[in-house]
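Asks: Have a look at this prediction, sequence included:
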Amino acid sequence: MDDLHKKALSLEYLTVGYNIVEAIASILAGRLAGSIALVGFGLDSIVESLSGFVLICRLKKHGTVSQEEEEKIETRASRFVGITFFILGAYVLLESVKKIVLREIPDPSLFGIIIALVSLIIMPLLASAKHRIGKQLGMASLVADSKETFVCAVLSAALLVGLLTHYFFHFWLSDPIVGLLIVAFLFREGYELVFEKE
């Protein structure tokens, strides 16, 4: 395995490890505060981990299978990453609408604000590194995974705005509104990866 593939593999291990910790912290904080934005953020971390596991398998097979088989693995991996966008988007959409309809008011969450800030620093760095190496390797699945990592950074920013608005101004609707704003982006990215690969 060459140096670029080793770097890509290391980035995926780092992504998966960080996202498992982030998922546990976010879902726990979200459940305690009743925040769909925080729970959705934790679920995004789980989806990101699944995507990372797919890429780890993909990278480990590099050089051990034929070019044709590698291209098939690449296509399957890219589509799987796309499907994960739909899974997360559907959950966040349903839960956001439910919060609005039932007027489920979350508690302010200082812990959630800290999680969002840390992620807002780490995720763009990981996304940039994965995108650059994915382009150098010509690996569409790694570039797609970098987009999902970037989605996590976007979600971090949206989550931070929503949590700060609720924390300081007691505007409870900011939580489900943040959820709804990210759904369109998630579905668009999922569509591009799943259907435009046909």
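Replies: Here it is on my side, so go on.
Asks: where along the chain do the strands fall?
Replies: Under the criterion DSSP state E, the chain contains no strands.
Asks: residue with max distance from the center of the protein?
Replies: Ser66 (30.7 Å; CA atoms, centre = their mean).
Asks: List the residues that contact Ala77.
Replies: Val54, Leu55, Cys57, Arg58, Ser141, Ala144 (CB atoms under 8 Å, 6 or more residues apart in numbering). Bear in mind the C-beta positions are built from the backbone N, C-alpha and C, glycine included.
Asks: quick revisit: let me know the pLDDT of the residue farthest from the centre of the chain.
Replies: pLDDT for Ser66: 79.
Asks: heads up, I number from 538, so please use that
Replies: Okay, using 538 as the starting number, the last item reads as Ser603.
Asks: Quick check on it: phi, psi?
Replies: Here is the backbone geometry of Ser603 (degrees, to the nearest 10): phi -70, psi 160.
Asks: swap in His707?
Replies: Main-chain torsions, His707, degrees, to the nearest 10: phi 60, psi 30.
Asks: gap between the closest residue to it other than its chain neighbours and Leu723?
Replies: Closest residue to His707 apart from its sequence neighbours, by CB to CB, 6 or more residues apart in numbering: Pro645 at 7.7 Å. Note on Pro645: its distance to Leu723, by CB to CB, to the nearest Å, is 25 Å.
Asks: more neighbours, those two?
Replies: Per other CB atoms under 10 Å, whichever of Pro645 and Leu723 has more neighbours is Leu723, with 26 against 17.
Asks: Which positions within the longest helix along the chain qualify as buried?
Replies: Identified as the longest helix of the chain according to DSSP state H is helix 604-639. Using 16 or more other CB atoms under 10 Å as the test for burial, helix 604-639 gives 607, 610-611, 614-619, 621-626, 628-630, 632-633, 636-637.
Asks: what stretches of the chain score poorly on pLDDT?
Replies: Along the chain, the parts satisfying pLDDT under 70 run over 538, 611, 734-735.
Asks: Show me where it has its helices.
Replies: 540-570, 573-597, 604-639, 647-674, 677-706, 711-731.
Asks: most packed of those?
Replies: Across those, averaging neighbours per residue (mean count of other CB atoms under 10 Å) puts helix 573-597 on top, at a mean of 24.
Asks: how big is the angle separating it from helix 540-570?
Replies: 160 degrees (axes from the mean of the first three to the mean of the last three CA atoms, to 10 degrees).
Asks: What is helix 573-597 packed up against?
Replies: With contacts taken as 3 or more CB pairs under 8 Å, 6 or more residues apart in numbering; DSSP states H and E, helix 573-597 sits against helix 540-570, helix 604-639, helix 647-674, helix 677-706, helix 711-731.
Asks: possible to save the ones you listed as TSV with distance to Gly579?
Replies: Output for the helices and strands packed on helix 573-597, formatted as TSV (distance: least, CB to CB, whole Å):
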stretch	distance to Gly579
helix 540-570	3
helix 604-639	10
helix 647-674	9
helix 677-706	10
helix 711-731	13
